[in-house]
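In: no sequence on this one, just coordinates:
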């Protein structure tokens, strides 16, 4: 018989060892899964984790992709981790990401150099204007708009929670579906490309130099979103480790009553946590729509908001851990695409793979809080 | 000699790092009220859990009327004839009395029949109960009745009672004792766990005293003085705390007409509370658990806001201020619950200093935490209050109750408050630490601070307080000087001036019980 | 102008029961889980797993009922993973529930690859004879597939179980105060594992209802938030079975009405109408949650708190 025994305090060694162990176990379980799908497990694992970085054939394309995919994951996960630490569960980052992108794209498209334009609502012309040549401030304005969009969308569950005591988990998640419908509406109506022959989707922002999120250093994948992610990580680290606000976040998560005793106002904390995670998710959406995605389309969102939840946990809700976890998760995306293309591995298999990773991590987590004891001693005389 | 009802021989149970029971042997006779005495942490709970089948001993054996007895689960213990009244957490607030009783039985009859039996048995034993009420709406005394009735319905031969009087007023205690004596007359045995010596001397004919998991004595408590028993329990000679008289100074804290709606579904509302405390004075607030203690502390600490004028510190109104503003002005608090309220269990002692001392001790500058300073402050508390711990990096939950309590009270005292409010400062703390904490509180008052001690331990209040008042159903009685106050008077104050918490038809039985107690 | 005359109230009322059944099944399962003190946020994942296993097995065997049994087992199997993690490995319930949803969505997409675009075997409607010929009542109440009635039966059974049976009393006790239940000798974990498995089975069945009867087809991510709406429904119902039924039917009504308005070509774009079920759910959550005192009285006392027996 095995028995769990609570440790007097969490084991530091295990806190950092469990993610590694979880990755190892997921590779084994993933290998079994791939074998069941009739693929060579070793080849598949190698193609997912090794080839994107080191194969001479693919690395030149894949390596820059690593930063491209990791940046939004890290940006969102840092914000989520702050909330999760406080036991405030924003699981609607996907929605905030979409709204951030919509806000940013709207700002950009207003100034799209296309001659006189109309602003319409429900098909009716609200007003017409002639586009002035775009300026240097357009990109910063898009950043602000993206952040604002995410912030506002994140504040909806926060305000409902503080005013009406609703559950932020359910509200933030339900708002993802609302955001997806808004995205679809935007793609087919108010942001639709007027020169796109009626196909859904907005104009291509990469054709608009002032609004595009360019690669900063050629062939590295380095764009402004990566810079933002980097800043967010530093911000998150300083906040959680050195600042009183971050201390209150952690305190409220671990011992809510003690937090109130320490003078933490729970409502303000809810607004802060959901606001900051929404803001960062909105930023991620902004950099994505202006960069890799290039435009608003019905399938603009690809689940970064949900995968970021895994990233946050895998990174132990710690900003530095999140960087590593974000890079790893980005690798599974890129390697997964590669394996899909080369081995015919279904794309859903990667989703299963990521889900398993979270399972193993949660299962192994108890090693840091509990000791496993063999109860055979009791059988001895 | 006759075969005892339950004989325990050489029972040992150890947990990692601690031997809870070390070769414990004792015997409980038929029709006997047997006291199990010991400090917190002496191993009483582990021993009774073993008898009740909740804990399996590592070695040793038990015999029930001579036959081997080794219950693997509580239902086996109950089948044998053992019943237990728990001290804490065994009622389900959202379920009614009858459902609660049914849950404690192995083979409950249909609820309607059971309700009728509850009415009958509870009246018979002088502890009347309405089976249809929700457990969450009952007073502490009534909750205990549910537990007792639940046990009695199973017709037990041995009834285990874990600190049953800690939630009762002195008058309710007498009613309970009358019931227990009646049970003894019926030939049942009772294992009575307590650390209150006077009770044991008036109720029990045999006592087993535990210290650090070992039996240190087995004797007739009536033949010994309370002091002798106490020294057996603690192991050292006790020195009562000392304090020189001091003329009280100006009024530091003044509360007038403080009212607050109950913050939670089963909480207590505060009703028109008024009090004032002077510099150099200790005000003791007694009361049975659940009469508004937590709410009063929260209202004073700033966790609950009230009318601005209702709370004044040196004349300055502060009812609308939050905890940190009040701290900055000199009003500090130490709540009852150490883990999760006064301290964050998973955080280190260094981190825990930030809960109340962040700004007062300048551990934070412009929002940024000075971890070195915080650690230094934690070390200062540890050394000044003799907190036994490997260092300030240790998580709060790893400390023993007494040491953590010294830490959280020390954290406030060391900040030199002008007014300090403490709730249950020595609850669940070993005697040495309790004495140290009481001394520290008295020293603080001596130094010119006003101290309010909220406690359920009347002996403690009468020992250290200058004035005493009682909290009952969210109301605070008028304070009386402690000098010259008798236990009877205290009891009447606690019960809301003689109005015992006995509902409707209960009064007759209660009066009868009280009458018996007089004789 | 829209054409409201194309909306027939009788057809609408009949369709409402069908639209409500999947979330009703998932919600009644989750209600039992939460009554036992466990918050399983993986309803969406268990539903979609049920949807795909039910569909795949039904197509393979050619029998919808065998598919439904498989969906029940599939949902319960996934729930048992949750039970293992939260009850034995002491993982965080919120995080584990989310993991269950993420994993379930991936797994279902993987299993369902070969089943896109296929029609499942049909589930015949129950023949109530003359009852189904009663005007208005007949088509509304007596012309449905068996699962509609099974779901109502489950609600009744859960109500009776929680209110009147000893096992139900124990389950409520475990959810209300697990320490006290443990002290009385009840096996907190065993009760919770059983409740979690039941919740998974119900969610699985709800998912199968979607893929086999309501749609009936398999598409990736076809639950589209139904599991989350079921979770909200439990709050709406204040943890009372019959109120979950009422809530589900009200919700079903909104879904059907919204679909009818879409079909009637109302001037509001389709996307905005499609938002309405989610917005209505949020609105209901706001209304139900703001009565603070009442809610705290009805929510199980130990809901979401981890239980670890010391000693």
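Out: Right, received. Where do you want to start? Just so we're clear, the structure is a prediction, and the values are computed from it rather than from any experiment.
In: tell me the contacts of residue B:363?
Out: For residue B:363, the contact set (CB atoms under 8 Å, 6 or more residues apart in numbering or on different chains) comprises B:353, B:354, B:357, B:369, B:370, B:373, B:374, B:377. (Each C-beta comes from the backbone N, C-alpha and C, glycine too.)
In: what helix or strand does residue A:334 sit in?
Out: Using DSSP states H and E, residue A:334 sits within helix A:319-343.
In: same check, this time on residue A:348
Out: Using DSSP H and E, residue A:348 falls within helix A:347-364.
In: Return, as residue ranges, the portions of the stretch 1-150 of chain C with sub-threshold pLDDT.
Out: Low-confidence regions of the stretch 1-150 of chain C, defined by pLDDT under 70, span residues C:1-7.
In: In it, what residue lies closest to chain B?
Out: residue C:35 (10.4 Å; CB to the nearest CB).
In: pull the helix or strand with minimum mean pLDDT from chain A.
Out: strand A:117-121 (a mean of 66; mean pLDDT, DSSP states H and E).
In: Name the nearest residue to residue 320, ignoring sequence neighbours.
Out: In the absence of a named chain, chain A is used. residue A:237 (6.6 Å; CB to CB, 6 or more residues apart in numbering or on different chains).
In: hm, I was asking about chain B
Out: Sequence neighbours aside, residue B:308 is the residue nearest to residue B:320 in space, at 4.6 Å (criterion: CB to CB, 6+ apart).
In: The one you found - how many residues pack around it?
Out: By the measure other CB atoms under 10 Å in any protein chain shown, the count of residues near residue B:308 is 12.
In: Please report the distance of it from chain A.
Out: Distance, residue B:308 to chain A, by CB to the nearest CB, to the nearest Å: 18 Å.
In: Assign a three-state SS to the residue of the stretch 1-150 of chain A found nearest chain C, would you?
Out: Here the residue of the stretch 1-150 of chain A nearest chain C is residue A:89; by CB to the nearest CB that distance is 5.6 Å. Three-state call for residue A:89 (DSSP: H, G, I helix; E, B strand; the rest coil): coil.
In: For the residue lying closest to it once chain neighbours are set aside, which residues are in contact?
Out: Nearest residue to residue A:89 in three dimensions, chain neighbours excluded: residue A:169, at 4.6 Å (CB to CB, 6+ apart). By CB under 8 Å, 6+ apart, residue A:169 lies in contact with A:89, A:91, C:41, C:94.
In: Scan those and report the most crowded one.
Out: For the contacts of residue A:169, neighbours tallied by other CB under 10 Å; top is residue A:91, 28 neighbours.
In: Surely that one and residue A:172 touch.
Out: Yes: if you go by CB atoms under 8 Å, residue A:91 and residue A:172 touch, sitting 5.7 Å apart.
In: How about residue B:465: what's its closest non-neighbour residue?
Out: In space, residue B:465 is closest to residue B:284, 2.9 Å off (CB to CB, 6+ apart).
In: doesn't residue B:467 make contact with the one you found?
Out: Yes: using CB under 8 Å, residue B:284 makes contact with residue B:467 at a distance of 6.9 Å.
In: With neighbour numbers in mind, choose between the two.
Out: Using other CB under 10 Å, the more surrounded residue of residue B:284 and residue B:467 is residue B:284, with 25 against 22.
In: The more buried one: what secondary structure?
Out: Once three-state DSSP is applied, residue B:284 turns out strand.
In: does it have beta-bridge partners, and which?
Out: residue B:453, residue B:468 (DSSP bridges).
In: Identify the residues contacting the residue of the stretch 51-200 of chain C found nearest chain B.
Out: The minimum distance from the stretch 51-200 of chain C to chain B, using CB to the nearest CB, falls at residue C:185 (3.4 Å). Residues in contact with residue C:185 (CB under 8 Å, 6+ apart) are B:53, B:54, B:73, B:74, B:75.
In: And for residue C:285?
Out: Residue C:285 is in contact with A:160, A:166, A:167, A:170, A:171, C:232, C:235, C:236, counting by CB under 8 Å, 6+ apart.
In: again, only this time at 6 Å
Out: A:166, C:232 (CB atoms under 6 Å, 6 or more residues apart in numbering or on different chains).
In: ok, it to residue A:167 distance?
Out: 7 Å (CB to CB, to the nearest Å).
In: same question, residue B:30
Out: For residue B:30, the distance to residue A:167 - CB to CB - is 56 Å.
In: what do you get for residue B:107?
Out: Applying CB to CB, the value for residue B:107 to residue A:167 is 40 Å.
In: So if I had to pick from the two, which one is more boxed in?
Out: residue A:167 (18 against 10).
In: buried stuff in stretch B:201-214?
Out: Neighbour counts using 16 or more other CB atoms under 10 Å in any protein chain shown place B:201, B:203, B:204, B:206, B:207, B:208, B:209, B:210, B:211, B:213 of stretch B:201-214 among the buried residues.
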